[in-house]
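what shape does this take:
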Amino acid sequence: MNIEFNKNEDAIKLKIAEMNRRLSEIRLGGGKKKIEKEHSKGKLTARERIDYLIDQESNFIEIGAFVGNDMYKEYGGCPAGGVVMGIGYVSSKQCIIVANDATVKAGAWFPISAKKNLRAQEIAMENKLPIIYLVDSAGVFLPLQDEIFPDKEHFGRIFRNNARMSSMGITQISAIMGSCVAGGAYLPIMSDDSLIVDKTGSIFLAGSYLVKAAIGENIDNETLGGASTHSEISGVTDYKAKNDQDCLDRIRSMMGKIGDGENAGFNRIEGKDPKEDPKEIYGILPEKRDKPYKVREIISRLVDHSDFDEYKAGYGQSIICGFARIEGWAVGIVANERQVVKSKKGEMQFGGVIYSDSADKSARFIMNCNQKKIPLVFLQDVTGFMVGSRSEHGGIIKDGAKLVNAMANSVVPKFTVITGNSFGAGNYAMCGKAYDPRLIVAWPTAQIAVMGGTQAAKVLLQIEKASLKSKGDEITPEKEAELLKTINDRYNKQMSPYYAASRLWVDSIIDPLETRKVISMGIQMANNAPIKEAYNVGVIQT
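Predicted coordinates for the structure are as follows:
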């Protein structure tokens, strides 16, 4: 260990502490008073319901905890998008759980809430996982109805997905544990099984006030759409539960009876812990994102027994490719190398940059993994593709396109971990969100943007100066410094992993020590979905 290692370790531990502090605040939802109000009604909160439902001491991956972070301030905020969601185990069955948080605006749907719910359904459909909805929502947040109601990826898409999942044979179980109104009422009834909690659950297309306004009928909500009404008169719901705990117990019983389907057959043996200490990742990863390090040192602390079979080790060294195991699962790893290396032609290659030879190597490796039915893991710390006349004349665009083509058409599941920089076309080539990774997570050290902050700030500064000069404004050195600081601050905020996570560009921000668990559970869920299509990359220039 050296001073640099210790400084790196201290820096990342501070970032993890900050992440955990933010998570603690988010987990309070609408605040302690709102939680107490739910308890006074005999209800559990969304997080308490999930904790009760999942198998004790089992793993759970929360998706989208930071969704809505620092958004909707004019409406008092929307912690976690007003909905808690994750991948867990119920009666030993892996599943997706989605629970409305009634402490946040009575569980109303904000635009980002719809995006988060659609992500849950996407994961369920891609991986053929059962999905459990714990419904407790006042419906669409009306002040923002134009951003959530009519478009293709808005609220209505959820019900379309309910229907599609039913046709795909994916189990959907819904529990009405609070309000369920208007269009939202279709979600539980389009599920395979619907439960409703007596006295606290209600479901109707229009509540008592709207009924009075629309047709003049006087009726209370319980009589209109409570548990007894829908379990004994309308037949809308299938089961009436006494309370939250009884409802969740019934769901556990249902999940325990689901049969096993066909799996994809990904290779797994008994897992082993890494031989190298995973906690040393904290000291290896540089505090400053432009400093070099050896990504093999990171890989050896993520994979079983620290065994890594490197592919074309002496060629295209700005990307490291190879085979390993994570918690017993066979994986193919594609990782950006951050140290300066020498190419086969004796040229120096800078860390984090994708060169033609590394793009060519990676494309072939990805094809190889598809041929062998091996899931892919991308470790992103990339500043983009190499630029300049030498690279352009050497066909960097062609080789980059080859890599993107091979990756985009991959039929084996892909998992992306953003460990550091994720800039420009490098984000795309290394399987960014646009390329359908089954899960995409970021370490607290991640930065996501079209280019690095320093370069971007200088470009934006020149644009701003030109605009001011055209208006006749004088640009003094002091004014220029002030402009640069404003631009830097704004751009750096947008590069933050929290900015990305709040908009669901990444599924989660995780402690690096959780990486093995996330990938392992991800492959386990992907194994539920057999690969039906052949791998075909179309036209690739060689």
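
and V197, its phi and psi?
Phi and psi for V197, reported as degrees, to the nearest 10, are phi -90, psi 130.

do the same with the one 5 residues further on
Dihedral angles of S202 (phi, psi; degrees, to the nearest 10) stand at phi -150, psi 150.

contacts only, for it.
Contacts for S202 (CB atoms under 8 Å, 6 or more residues apart in numbering) come out as 176, 178-181, 221-222, 224-227. The C-beta positions use only the backbone N, C-alpha and C, and glycine is treated the same way.

distance of it relative to L504?
When CB to CB, to the nearest Å is applied, the distance between S202 and L504 equals 30 Å.

now do the helix or strand where A330 lies: which elements does it pack against?
Using DSSP states H and E, the secondary-structure element containing A330 is strand 329-336. Helices and strands in packing contact with strand 329-336 are listed as helix 295-299, strand 319-326, helix 356-372, strand 376-382, helix 515-526; criterion 3 or more CB pairs under 8 Å, 6 or more residues apart in numbering; DSSP states H and E.

can you pull the contacts of G432?
Taking CB under 8 Å, 6+ apart, one finds 380, 416, 422, 440 in contact with G432.

can you tell me which of those has the most neighbours?
Across the contacts of G432, neighbour numbers were computed from other CB atoms under 10 Å; S422 holds the maximum, 30 neighbours.

pLDDT wise, what is that residue at?
Looking at S422, its pLDDT is 94.

grab the nearest non-local neighbour of it.
Nearest non-adjacent residue to S422, counting by CB to CB, 6 or more residues apart in numbering: I448, 4.5 Å away.

what number of residues lie near that neighbour?
Neighbouring residues of I448 were enumerated by other CB under 10 Å; the total is 22.

now the strand holding A330 against helix 515-526, angle please.
Relative orientation of strand 329-336 with respect to helix 515-526: 120 degrees, computed using axes from the mean of the first three to the mean of the last three CA atoms, to 10 degrees.

could you dump strand 329-336 to CSV, C-alpha only?
Coordinates of the C-alpha atoms in strand 329-336 are reproduced here as CSV (Å, rounded to 0.1, in the frame of the first residue of the first chain):
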residue,chain,number,x,y,z
TRP,A,329,-21.6,-17.9,-14.0
ALA,A,330,-19.4,-17.9,-17.1
VAL,A,331,-19.0,-14.4,-18.5
GLY,A,332,-17.2,-12.5,-21.3
ILE,A,333,-15.7,-9.2,-20.0
VAL,A,334,-15.1,-6.2,-22.2
ALA,A,335,-13.2,-3.4,-20.2
ASN,A,336,-11.5,-0.2,-21.1
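
state the mean pLDDT of it.
In this model, strand 329-336 has a mean pLDDT of 98.

swap in stretch 425-434?
Summarised as a single mean, pLDDT over stretch 425-434 is 94.

got it, and stretch 156-175?
If you average the pLDDT values across stretch 156-175, you get 95.

buried residues in that stretch?
156-159, 161-162, 165, 170-175 (16 or more other CB atoms under 10 Å).

now stretch 294-302
If you call a residue buried by 16+ other CB under 10 Å, then stretch 294-302 has these buried ones: 295-302.

please state the offset of it from the chain centre?
Distance of stretch 294-302 from the chain centroid (CA atoms, centre = their mean, to the nearest Å) equals 23 Å.

and it, end to end?
End-to-end distance for stretch 294-302, by CA to CA, to the nearest Å: 14 Å.

before we move on, the earlier item: need the buried residues of stretch 294-302 in JSON lines (columns: distance to L134 and pLDDT).
As requested, the buried residues of stretch 294-302 are exported to JSON lines (distance: CB to CB, whole Å; pLDDT from 0 to 100):
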{"residue": "V295", "distance to L134": "40", "pLDDT": "96"}
{"residue": "R296", "distance to L134": "44", "pLDDT": "97"}
{"residue": "E297", "distance to L134": "42", "pLDDT": "97"}
{"residue": "I298", "distance to L134": "37", "pLDDT": "98"}
{"residue": "I299", "distance to L134": "38", "pLDDT": "98"}
{"residue": "S300", "distance to L134": "41", "pLDDT": "98"}
{"residue": "R301", "distance to L134": "37", "pLDDT": "98"}
{"residue": "L302", "distance to L134": "33", "pLDDT": "98"}
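
export those residues to a markdown table and tack on distance to E262?
Shown next, in a markdown table, are the buried residues of stretch 294-302 (distance: CB to CB, whole Å):
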| residue | distance to E262 |
| --- | --- |
| V295 | 36 |
| R296 | 37 |
| E297 | 39 |
| I298 | 35 |
| I299 | 32 |
| S300 | 35 |
| R301 | 35 |
| L302 | 30 |
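
so which of the residues you listed comes closest to I148?
L302 (38.8 Å; CB to CB).

hang on, isn't the residue nearest to S422 packed against M495?
Yes. The pair I448 and M495 passes the contact test of CB atoms under 8 Å, sitting 6.3 Å apart.

many thanks, I have nothing further to ask.
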